[in-house]
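Visitor: With the input below, show me the fold.
(2 chains)
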Amino acid sequence: MGRALFLLCAVTSILMGVGLRAVSCVAQGANTSPISFPGSKHVLGLEGLKHNASGTLLVENSSLVFKKDKKTAVVPTASITEVLTGKDTERTIGGMVGTLTLFAPYGSGRFLSLFRTKIDTLAIEYLDPAGGIHGAVFTLHQGNALGAKQALLNQGAKTSVPIEVEAAAQAPRKAKKQQ
Amino acid sequence: MKVNRTAYSIALLPLAAVFLLLRGGALAEEKPQPKIHASAIQILMVQSDEVTLPIEFRLALYENLIEHIQTTNKFQHVYRDGDPAATTVPDLIVLHSNVYGFKKGSEEKRQVTTVSGATSIKVHCLFTDKTGRSELAQDVTGEVRFMGGNLRATLDFAKKVANVVVNNFQ
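Guide: Numbers count the residues shown, from 1 in each chain, chains lettered A, B, ... in the order given. This is a model prediction of the structure:
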């Protein structure tokens, strides 16, 4: 019984550690271990990648990296001149299946359109080696954009809107009322 | 009876003359303007002095514009804003885009109701030469009314500007 309790505690603490890993990296700032955001989507802007490509967004070695299968796009964080986050929603059933549901009988496709998933958006503006301005837009799972922004800022990216201001603007209404 | 027919013919002559004159004028108006020749274009970052435009829309307008103007194959080079290499091109055309109207709709509303929730972006596009002399100015509207997310309006806008380029540049 004691051994089982010990094992349970050990497993719980390991799981909690994994869950808080990204948060602790962001909080410490100095930690240079890669911070990844799987399930992200590249909406547009990165060269060599298709629009709306799903993949993993990584912030590592002073670079923003987007990986989609074997394709990788890298943007040095020092060249990023603006990072802004936002909130949006998308259809829970998207893609080709989502489009086909629009033709489903008795308006059932329209009904399915009501089911939406909250997402975060991350927009960056950066300069190429020649000095030309580029822009890129990503979507991330809800609650990840501010972490990604913090990670980018820690590694040398610049922004015109401090992260605290964006966090306050995006805070839920209930939290704002309590303040 | 014969006299009447002649009288009618004479009476119709001024009308025919007026018709021919008007038609000639209309033809002169329809005469296509000479196309502008330029070997390169520089696309400046989209400005929104009059309205508040979310950054993702601004970036999407800019990136889609570059992508679609490149596909027209009207220019040897398409330079981005800030690229110093553009200054060396003698017959450079510079595209200035200023957003003067923006209505963010709702994808959910569009899909549920079909008729409401449209997103539209109105942009004043000005093509100038290197010195800033206006070569061509046109207002272009990007819209999404049914399928797709709100950013699709920027794609519609870029396609329309690409059409303007195809119609007005050699």
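
Visitor: Contacts only, for A:Ser40.
Guide: A:Ser40 is in contact with A:Ser54, A:Gly55, A:Thr56, A:Leu57, A:Phe66, A:Phe138, A:Thr139, A:Leu140, A:His141, A:Asn144, counting by CB atoms under 8 Å, 6 or more residues apart in numbering or on different chains. In this view, the C-beta of every residue, glycine as well, is placed from N, C-alpha and C.

Visitor: Kindly report the same for A:Leu114.
Guide: Counted by CB under 8 Å, 6+ apart, A:Leu114 has contacts B:Glu108, B:Val112.

Visitor: How confident was the prediction at it?
Guide: Listed pLDDT for A:Leu114 reads 81.

Visitor: Could you verify my assumption that B:Thr114 touches B:Phe146?
Guide: Yes: judged on CB atoms under 8 Å, B:Thr114 makes contact with B:Phe146 at a distance of 6.5 Å.

Visitor: Endpoints of stretch A:141-158, how far apart?
Guide: 23 Å (CA to CA, to the nearest Å).

Visitor: tell me the mean pLDDT over it?
Guide: 93.

Visitor: can you pull the buried residues of it?
Guide: A:144-155, A:157 (16 or more other CB atoms under 10 Å in any protein chain shown).

Visitor: A:Leu122 contacts A:Ala148, doesn't it?
Guide: Yes: if you go by CB under 8 Å, A:Leu122 and A:Ala148 touch, sitting 5.5 Å apart.

Visitor: Residues that sit against both of those two, list them.
Guide: With CB under 8 Å, 6+ apart, A:Leu122 and A:Ala148 have common neighbours A:Leu57, A:Thr85, A:Leu140.

Visitor: Just the buried subset of these, please.
Guide: A:Leu57, A:Thr85, A:Leu140.

Visitor: Against which helices or strands is the helix or strand hosting the last one packed?
Guide: Using DSSP states H and E, the element containing A:Leu140 is strand A:133-141. Using 3 or more CB pairs under 8 Å, 6 or more residues apart in numbering or on different chains; DSSP states H and E, the elements in contact with strand A:133-141 are strand A:35-44, strand A:116-127, helix B:55-71.

Visitor: Note down every partner strand of the second one and its orientation.
Guide: Strand A:116-127 has these partner strands in its sheet, going by DSSP bridges: strand A:80-91 (antiparallel), strand A:133-141 (antiparallel).

Visitor: Lowest mean pLDDT across those, which one is that?
Guide: strand A:80-91 (a mean of 89).

Visitor: buried sites along that strand?
Guide: Those would be A:Ile80, A:Glu82, A:Val83, A:Leu84, A:Thr85, A:Gly86, A:Asp88, A:Glu90, A:Arg91, for strand A:80-91 by 16+ other CB under 10 Å.

Visitor: Tell me how far the first one lies from A:Lys71.
Guide: In other words, A:Ile80. According to CB to CB, to the nearest Å, A:Ile80 and A:Lys71 sit 20 Å apart.

Visitor: got it, and the last one?
Guide: Counting by CB to CB, the gap between A:Arg91 and A:Lys71 amounts to 25 Å.
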